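> Need a 3D model of the following:
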Amino acid sequence: MVSKQARKQRKRQHNAPEHIRRKMVASHLSEDLSKQYKRRSAMVVTGDTVKVLRGDEKVRNAEGKVTKVDTKNGKVVIEGITIASADGTLKERPVHSSNLVITKLNLTDPWRKERLEAVKEGSA
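Sure thing, here's the model as predicted:
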């Protein structure tokens, strides 16, 4: 049973162990991927290609490869999305995983590929 109270949900997310926090960094799959794998979402992994759905005009609709996944904050760093710092240098801009949609999966990991295929076949 999970509480309806937002403060308890935030506390649970903040105090979660790493193996559970990793599962919280997930995003929806694109329409064609969700039909192909018969599931709505998947964990974001370095190498996935994602599209930003929410955010300001500079970030929205940007598409790129994931270069880093921050499980502590639930954010993802995407290739080509930067922000200017106070001294004028560009640095990577993290985007929350809930604001993304995965357009292409990185299937170099055999375990991930096997799990996606298992769900597709209905034996998970």
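
> which helices and strands does the longest helix along the chain pack with?
For the chain, the helix with the greatest residue count under DSSP state H is helix 110-121. Helix 110-121 is packed against helix 31-37, with contacts defined by 3 or more CB pairs under 8 Å, 6 or more residues apart in numbering; DSSP states H and E. Just so you know, the C-beta spots here come from the backbone N, C-alpha and C atoms, and that holds for glycine as well.

> 6 Å - rerun?
Judged by 3 or more CB pairs under 6 Å, 6 or more residues apart in numbering; DSSP states H and E, helix 110-121 is in contact with no other helix or strand.

> Other residues contacting that helix?
37-39, 107, 124 (CB atoms under 6 Å, 6 or more residues apart in numbering).

> for the protein, which strand is longest?
Secondary structure of the chain per DSSP state E: the longest strand is strand 75-84.

> quick one: buried residues of that one?
Buried residues in strand 75-84, defined by neighbour count with 16 or more other CB atoms under 10 Å: 75-78, 81.

> CSV please, covering those residues and showing pLDDT and distance to residue 66.
Putting the buried residues of strand 75-84 into CSV (pLDDT from 0 to 100; distance: CB to CB, whole Å) gives the following:
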residue, pLDDT, distance to residue 66
75, 95, 11
76, 96, 5
77, 96, 7
78, 96, 6
81, 93, 10
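
> What ranges does this structure have for its strands?
Under DSSP E, the chain gives strands at 26-29, 41-43, 49-52, 63-70, 75-84, 90-96, 100-104.

> Format these as JSON lines; extra columns: distance to residue 20.
Below are those laid out as JSON lines (distance: least, CB to CB, whole Å):
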{"stretch": "strand 26-29", "distance to residue 20": "12"}
{"stretch": "strand 41-43", "distance to residue 20": "12"}
{"stretch": "strand 49-52", "distance to residue 20": "22"}
{"stretch": "strand 63-70", "distance to residue 20": "15"}
{"stretch": "strand 75-84", "distance to residue 20": "17"}
{"stretch": "strand 90-96", "distance to residue 20": "18"}
{"stretch": "strand 100-104", "distance to residue 20": "20"}
